[in-house]
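Novice: just a sequence and a predicted model for now, questions to come.
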Protein chains: 2
Amino acid sequence: MTKHPIEALIDTADTAINEEDWDTLRAIYAEDAVLVVQPGRNAVGRDQIMTACRAIADYFGHSLDVQQKGMTILESGDTALVLANTRVASDNTEAEDRKATYVFKKHPTEGWQCVIDNSYGHDLVAAETR
Amino acid sequence: MTKHPIEALIDTADTAINEEDWDTLRAIYAEDAVLVVQPGRNAVGRDQIMTACRAIADYFGHSLDVQQKGMTILESGDTALVLANTRVASDNTEAEDRKATYVFKKHPTEGWQCVIDNSYGHDLVAAETR
């Protein structure tokens, strides 16, 4: 079965994160994208997102291994919701499974781009309503 | 605190569902919206969505009571991801708490509209990878 272009893009993003290939990663985010760095702390726009990604790589001792363990994509026109089981592992932390939610938008010339990157999924709601 | 316009819209949608006010509900969905009726079964477009909503109202014996018990909204430009704790109750079923994921898009003239309505959240991924 051919991969959905968004699934292929997420594969590319995971490889870029794991190899610290920042130029490739940067291009996957839309100019005004939002990344949830931690529940309650967001990076907004490509510059803030790349700064956050470098800090995350540091935090994980440059041994980050991000993989998707199953995903579902729901599309409506130029917008897509991705629900993914994301495994975050590294040499110095226990592997962690997250129920991630990503939103992608199809740019008129540049194709699908990530506009909202929330690897914490519903944990954000719990954090706010506690 | 003033409500986010999308939270207000979801309140309006919940009241419309509970009161079977189909015209109000229809206007909240974008023309090409997707509603997950059950994991693996989607209604696409306003007509299919309204048919599904009427069938759901029938199924719940016209006593459906949908409420949100906390939500988080992440926005990027004209796109927003909503993570919500959704309680679905009725006279003839046990109340069920769902971790819903909704995507809204800001229409140039009509304002925010729901483009993806998935009250099952990550249950879809589990259903596909079982």
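Specialist: Everything's here; your move. Quantities reported herein were computed from a predicted structural model and do not represent experimental measurements. Numbers count the residues shown, from 1 in each chain, chains lettered A, B, ... in the order given.
Novice: what is the least confident helix or strand in chain A?
Specialist: helix A:123-129 (a mean of 77; mean pLDDT, DSSP states H and E).
Novice: so what's the residue positioned nearest the centre of chain A up against?
Specialist: Residue closest to the mean C-alpha point of chain A, counted by Cα atoms, centre = their mean, is A:D117 at 4.5 Å. Counting by Cβ atoms under 8 Å, 6 or more residues apart in numbering or on different chains, A:D117 touches A:Y29, A:A33, A:V34, A:L35, A:V36, A:I49, A:Y102. C-beta coordinates here come from the backbone N, C-alpha and C atoms, glycine included.
Novice: let's see it at 10 Å
Specialist: A:D117 sits next to A:13, A:28-29, A:33-37, A:42-43, A:49, A:52, A:82, A:100-104, B:74, B:76, B:81 when contact means Cβ atoms under 10 Å, 6 or more residues apart in numbering or on different chains.
Novice: what are the buried residues along the strand ranked longest in chain A?
Specialist: When chain A is parsed with DSSP state E, its longest strand is strand A:93-107. Residues of strand A:93-107 classed as buried under the neighbour-count rule (16 or more other Cβ atoms under 10 Å in any protein chain shown) are A:R98, A:K99, A:A100, A:T101, A:Y102, A:V103, A:F104, A:K105.
Novice: in this structure the first one contacts A:L83, no?
Specialist: It refers to A:R98. No: counting by Cβ atoms under 10 Å, A:R98 sits too far from A:L83 to count as a contact (11.2 Å).
Novice: okay, and the common contacts of these two?
Specialist: Residues touching both A:R98 and A:L83 by Cβ under 10 Å, 6+ apart: A:G121.
Novice: ranges for the strands of chain A?
Specialist: Per DSSP E, chain A carries strands over the ranges A:29-38, A:41-44, A:65-76, A:79-90, A:93-107, A:111-118.
Novice: would JSON lines of those strands with mean pLDDT be doable?
Specialist: Formatted as JSON lines, these follow (pLDDT from 0 to 100):
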{"stretch": "strand A:29-38", "mean pLDDT": "97"}
{"stretch": "strand A:41-44", "mean pLDDT": "98"}
{"stretch": "strand A:65-76", "mean pLDDT": "96"}
{"stretch": "strand A:79-90", "mean pLDDT": "97"}
{"stretch": "strand A:93-107", "mean pLDDT": "96"}
{"stretch": "strand A:111-118", "mean pLDDT": "98"}
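Novice: out of those strands, the one nearest A:P5 is which?
Specialist: Closest of these to A:P5 is strand A:111-118, at 5.9 Å (criterion: Cβ to Cβ).
Novice: chain center to the closest one, what's the gap?
Specialist: Taking Cα atoms, centre = their mean, to the nearest Å, the mean C-alpha location of strand A:111-118 is offset from the chain mean by 8 Å.
Novice: direction included, what does it pair against?
Specialist: Under the criterion DSSP bridges, strand A:111-118 sits next to strand A:29-38 (parallel), strand A:93-107 (antiparallel) in its sheet.
Novice: of all those, which one comes closest to B:S63?
Specialist: The nearest among the strands paired with strand A:111-118, by Cβ to Cβ, is strand A:93-107 at 30.9 Å.
Novice: the closest one: how far from the chain's middle?
Specialist: Taking mean C-alpha positions (Cα atoms, centre = their mean), strand A:93-107 and its chain are 5 Å apart.
Novice: may I have it exported as PDB, CA atoms only?
Specialist: C-alpha atoms of strand A:93-107 as PDB (Å, rounded to 0.1, in the frame of the first residue of the first chain):
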ATOM      1  CA  THR A  93      15.500   8.000  29.400                       C
ATOM      2  CA  GLU A  94      13.000   5.300  29.500                       C
ATOM      3  CA  ALA A  95      11.000   4.900  26.200                       C
ATOM      4  CA  GLU A  96       7.800   6.900  26.500                       C
ATOM      5  CA  ASP A  97       4.600   6.300  24.400                       C
ATOM      6  CA  ARG A  98       2.600   9.400  23.700                       C
ATOM      7  CA  LYS A  99      -0.800   9.800  22.000                       C
ATOM      8  CA  ALA A 100       0.100  12.600  19.700                       C
ATOM      9  CA  THR A 101      -2.100  14.900  17.700                       C
ATOM     10  CA  TYR A 102      -0.800  16.700  14.700                       C
ATOM     11  CA  VAL A 103      -2.500  19.100  12.200                       C
ATOM     12  CA  PHE A 104      -1.200  19.500   8.700                       C
ATOM     13  CA  LYS A 105      -2.300  22.000   6.100                       C
ATOM     14  CA  LYS A 106      -1.700  21.900   2.400                       C
ATOM     15  CA  HIS A 107       0.200  25.000   1.200                       C
END
